[in-house]
Structure formats: C-alpha cells, structure tokens
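Colleague: no FASTA, just this:
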C-alpha cells in the first residue's frame, strides 16, 4: 500500500510539472536572444562559447540548459538591474529558479509519503495541487531574494558614495584634474563600491569615453540616481572648468542628510511596531483582572 501511495505521489508531482510547462507555453512568445546569437556566431566563436560554458559551475550549466530548452515566456519578469548590481549571472539566477521550483514539486509528495507511513491517507488531488502551488511560489523566491539584496546593496552604495564624493572634492581642492581626482579617490578604499567605480573609470580611460559619462551610464544601468547627480557635477568641472569643491561637499552633506532622515523614519516605524505587542499584553492583563468579576456577575444572574 505504501508503494502505491508513493507511486501516486510521484505521478502527482509529474502531472504538476507538466501543467507548469503547459501554462508556460501559453505565454507570449519571445525571441531567444542567446539561441539567435549562437546561430549567428562563427564556428570559432561557438568553440569559445562552448569552452566558457564548460568552465561554468554545475548550477550555471543547469541555467544554460534551462535558457536553451525551456520557453522564454516562463521566466516572467527578470530583475535585470538587480542582478547586474549584485553581479549574479543570468544562468545562475535561472538555475536557482529551476531548483526552487523542483523542490516545490518534490516536497508535497515526500510529505504525503511520510503521512502514509504514519497511517494518514490523503487524496491524490491534494499533493498534486500542493505541488503545483508550492512550485509556483518557490519559483519566484529568487526574484524576491535578488530585489531584497539589491535594496541593501543600493543603501550600502549610497553610504560609500558620500565618502567617495568627499574624497573627490579633496583631490580637486588639492589641484588634481577631474579624471585624476576620480580615479585616485576610487583607489583609496577596498570596498566593492570603490572597486566598481574604479573599474568603470579604468574602462572609460581605455575606451576613450569621459569618466562622467561612464558613471552616468552606470547609474542608469543600476538605478542609482545619486551617482548620476555626482556625474553631472563632475561633467561641469571637466567640460566647463567650473569649481566644484563647494558643490561636491554640499552634495555629500545632502546625501548623508537624506540617509539620516531615512534611517530615522525606519527607526520610528520600528518603534511604533514594537508598541503593538505591549498594548496587546496590557489588554490581556486587563482581561485577566476583569474576568473573575465578570464571571461572578454572570453566575449571580
């Protein structure tokens, strides 16, 4: 009997997976960019792509397979900016979504089998529906993780950017040029924010682009408006020879004031939420005090 229930649970998981794939096929069709690019790539480029795919980790290989085999419409909305900010490859992100969805399909049949061993029998519809629902929910967990981690990364970026602006202002006040000041300030610290800024500045040097245009592009790519404001100030310094020391210090102070206001707002909200358990405890305490008198009143009537 246990073997029969195990077989039924496994079939329920397979049916749920088939339903997920069928629903994905009904979505809007999109062009598979990776497949089109691979077809237009010459044989030598294909060998290079194969070599890079072979050097990827196991989970990234799963992502490459998913991008080639599964329909593009099933991925829903991909948080591209967040992934770029976190330096998470798209193949790893898709592999995590497939892994989470597979776990969602497997967990309900496993629990049904465990309940069957304990003597609790459940209809076949329950594990099938639970597998489908849990797979859909867990399929979007990597999206939530990427958005939440990117939110924390942007906050850290803003904090480091305020210090970076002060350093650039100091370099400019000492007579350094615009590019030299930006590159020297980026080489002072070892945090990932300074490393990312230094990387973009060096890339702009080799490509011949201006450093403020490179940072402006980075701000648009990562949704960092504070970096765009800084790039605009440096553009005035580099193209119009405007003294920007005062403007940079004012921008840094305004950025720190904004972050302080946001932190105070979050602290006040957390403090208000903490008053709710205390109020509920007071209500329960008053109910315990009044309960004997109320029960006695009802007993007399």
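Modeller: On my side now, so go ahead. All of these numbers come straight from a predicted model, not from anything done at the bench.
Colleague: C-alpha from now on. contacts and neighbour counts both.
Modeller: Fine.
Colleague: buried residues in stretch 127-145, which are they?
Modeller: 127-136, 138-140, 142-143 (16 or more other CA atoms under 10 Å).
Colleague: point to the residue nearest the middle of this structure.
Modeller: Among the residues of the chain, the one closest to the centroid is residue 146, at 1.4 Å (CA atoms, centre = their mean).
Colleague: one step back: in helices, which of the buried residues of stretch 127-145 fall?
Modeller: 127-136, 138-139, 142-143 (DSSP state H).
Colleague: those helices in the stretch 101-250 of the chain, which residues are they?
Modeller: Taking DSSP state H, counting those that start in this stretch as the criterion, the stretch 101-250 of the chain carries its helices at 125-139, 141-173, 178-186, 192-207, 211-222, 225-239, 245-300.
Colleague: how about stretch 199-212: buried residues?
Modeller: Of the residues in stretch 199-212, 200, 201, 204, 210, 211, 212 count as buried by neighbour count, 16+ other CA under 10 Å.
Colleague: low pLDDT regions in the stretch 151-300 of the chain?
Modeller: By pLDDT under 70, the low-scoring segments of the stretch 151-300 of the chain are 238-243, 298-300.
Colleague: return the member of the buried residues of stretch 127-145 nearest to residue 221.
Modeller: Within the buried residues of stretch 127-145, distances to residue 221 taken as CA to CA reach their minimum at residue 143, with 18.0 Å.
Colleague: give me the pLDDT for the closest one.
Modeller: Reading off the per-residue confidence, residue 143 sits at a pLDDT of 92.
Colleague: where's the residue nearest to it when sequence neighbours are not counted relative to residue 190, distance?
Modeller: Closest residue to residue 143 apart from its sequence neighbours, by CA to CA, 6 or more residues apart in numbering: residue 79 at 6.7 Å. Relative to residue 190, residue 79 is positioned 27 Å away (CA to CA, to the nearest Å).
Colleague: the two: who's more crowded?
Modeller: The neighbour count for residue 79 versus residue 190, taken as other CA atoms under 10 Å, is higher for residue 79 (16 against 10).
Colleague: gap between residue 276 and residue 288?
Modeller: To residue 288, residue 276 is 19 Å away according to CA to CA.
Colleague: contacts only, for the residue nearest to residue 223 when sequence neighbours are not counted.
Modeller: Counting by CA to CA, 6+ apart, the nearest residue to residue 223 once its immediate chain neighbours are dropped is residue 81, at 7.2 Å. Neighbour list for residue 81: 221, 222, 223 [criterion: CA atoms under 8 Å, 6 or more residues apart in numbering].
Colleague: quick one: the residues you listed as a markdown table, columns for distance to residue 114 too.
Modeller: A markdown table is the format used below for the contacts of residue 81 (distance: CA to CA, whole Å):
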| residue | distance to residue 114 |
| --- | --- |
| 221 | 48 |
| 222 | 46 |
| 223 | 47 |
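Colleague: out of those residues, who has the most neighbours?
Modeller: Busiest of the contacts of residue 81 [other CA under 10 Å] is residue 222, holding 18 neighbours.
Colleague: how far away is residue 222 from residue 216?
Modeller: Taken as CA to CA, the spacing of residue 222 relative to residue 216 amounts to 10 Å.
Colleague: any idea how many residues pack against the nearest residue to the residue nearest to the centre of the chain once chain neighbours are set aside?
Modeller: Closest residue to residue 146 apart from its sequence neighbours, by CA to CA, 6+ apart: residue 82 at 6.1 Å. Close neighbours of residue 82, defined as other CA under 10 Å, add up to 23.
Colleague: and stretch 213-220, which residues are buried?
Modeller: Quick answer for stretch 213-220 (16+ other CA under 10 Å): 213, 214, 215, 216, 217, 218, 219.
Colleague: give me the number of neighbouring residues for residue 253.
Modeller: Residues lying near residue 253 (other CA under 10 Å) number 16.
Colleague: which residues are in contact with it?
Modeller: residue 162.
Colleague: how close does it sit to residue 154?
Modeller: Plainly put, residue 253 is 18 Å away from residue 154 if you go by CA to CA.
Colleague: now for the helix or strand encompassing residue 100, which elements pack on it?
Modeller: Using DSSP states H and E, residue 100 maps to helix 90-117. Judged by 3 or more CA pairs under 8 Å, 6 or more residues apart in numbering; DSSP states H and E, helix 90-117 is in contact with helix 2-25, helix 58-69, helix 125-139, helix 141-173.
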